[in-house]
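K.L.:
Pasting the sequence and the predicted model now:
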Amino acid sequence: MVCILGIFFFGWNLGGKRVVYASWRDGDRRWHYFCQVWVGLPAWPAMIQTLGNRPLGKEFMRQPSLTRPVNSGKNQQGDQPTELALWQLLHHSDYELGTVFTMIAGLLNLLVIFDAAAGPVGSTRRENNKLQPQLPDASSRGHRAKNTALGA
Amino acid sequence: MTDFVLIATTARIWYAIPLVVSVSLVYAATHHEKIGPILWRAMRTALWIIGFMLITFVLLYLLQNAI
């Protein structure tokens, strides 16, 4: 859990807290979220934020706007076609790295889910079925029944 | 030679370390229950990953120089 959550939050922070959001609109199909969602609770608020009123805050895990952003202040970045393009320009390659980190965290958690459901990989095979209970064979069962009948 | 030095100075390459460590530990934890075998397998997995990264680097370097 430490590894997976650490990787997730490290990547989320690296991307300026903008890399985890849920979107399936024309012009912004965030397929990366299908990997990030497997992290669990830390990534699920992004689904809630797709609602119109954004109940968890205006900026937290929100979708980028598809309209041209308005540049203001000293940090003039030039005209960008969408807000997503502006985010990628502001964070440079950290945005992609953060996305990759959060995706890998989700996929690792998926591996852990399978491990929790089915146990360690290859453990029964290596121990030669020692986990299987020892069943009495037919001959000993028949021998015991015969002795019981004679004894009664 | 300059390319090799550039790799070390590029900060991006160091982001691979937490990734390799995490992937190795989680992968090893899915194969074992006790901490000793987990750490041992994690180390081997990390060496495998780094080895493949080095092979990929060599291939790309050769391709770059060939072109």
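P.N.:
Here it is on my side, so go on.
K.L.:
C-alpha from now on. contacts and neighbour counts both.
P.N.:
Fine.
K.L.:
And for B:Arg20, the neighbour number?
P.N.:
Let me fix one detail, which is that residue B:20 is Val and not Arg. 18 (other C-alpha atoms under 10 Å in any protein chain shown).
K.L.:
can you check A:Phe10 too?
P.N.:
Using other C-alpha under 10 Å, the number of residues around A:Phe10 comes to 17.
K.L.:
Against B:Val26, how distant is it?
P.N.:
Distance from A:Phe10 to B:Val26, counting by C-alpha to C-alpha, to the nearest Å: 17 Å.
K.L.:
shaky segments in chain B?
P.N.:
B:1-11 (pLDDT under 70).
K.L.:
With chain B in mind, check whether the longest helix along chain A reaches it.
P.N.:
Across chain A, the longest stretch assigned as helix under DSSP state H is helix A:93-118. Yes. Using C-alpha under 8 Å from any C-alpha of the partner chain, helix A:93-118 comes into contact with chain B via A:Phe101, A:Leu108, A:Leu111, A:Val112, A:Asp115.
K.L.:
what packs against that helix?
P.N.:
Contacts defined by 3 or more C-alpha pairs under 8 Å, 6 or more residues apart in numbering or on different chains; DSSP states H and E place helix A:93-118 against helix A:2-14, helix A:33-36, helix A:83-91, helix B:16-29.
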